[in-house]
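Asker: Give me coordinates for this.
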Amino acid sequence: MKVHNTLGNGFQEVIYQRCLAIELDKAGLSFVRELAHPIYYEGIEVGSRRADFVVEEKVIVELKAVINLEDVHLAQAKNYVVAYDKPIGLLINFGAKSLQFKKIYNSKYQ
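Answerer: Below you'll find the predicted structure:
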């Protein structure tokens, strides 16, 4: 929330990503930015995706800077949580006037 309160909306996603990295570091949380993960189809690697953050090796954090979150953004975040095999994810949108966020669960861990 501090990043959104300080910058407001209207910047590119990468700016929010850099600021959030500063805040996570200040909070003493371990994280990896832009962690690549292979995507498989029937056992064959077909590409890779990069989650914006993996925090404390447990939480996928996906950032957006769009006017409003849509179902496609939620689906993407859900796919990351499952593909990276993490119990929980957080989708954060800095592009709206008010900060938007959604918590995502991996049903494998419930």
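Asker: host element of the residue most central in space within the chain?
Answerer: The centroid of the chain falls nearest to residue 62 when counting by CA atoms, centre = their mean (1.2 Å). Using DSSP states H and E, the element containing residue 62 is strand 59-64.
Asker: what's the average pLDDT for that strand?
Answerer: Mean pLDDT, strand 59-64: 97.
Asker: Sketch out the helices for this structure, chain order is fine.
Answerer: For the chain, applying DSSP state H gives helices covering 2-7, 13-26, 71-83.
Asker: Deepest-packed of those, please.
Answerer: A comparison of the helices of the chain by mean neighbour count, using mean count of other CB atoms under 10 Å, puts helix 71-83 on top with a mean of 17. All C-beta atoms are positioned from the backbone trio N, CA, C, and that covers glycine.
Asker: can you state the direction angle for it and strand 59-64?
Answerer: Orientation of helix 71-83 against strand 59-64 (axes from the mean of the first three to the mean of the last three CA atoms, to 10 degrees) gives an angle of 160 degrees.
Asker: any idea how far helix 71-83 is from the chain center?
Answerer: In terms of CA atoms, centre = their mean, to the nearest Å, the centre of helix 71-83 is found 9 Å from the chain centre.
Asker: neighbours around residue 57, how many?
Answerer: Neighbours of residue 57 under the rule other CB atoms under 10 Å: 10.
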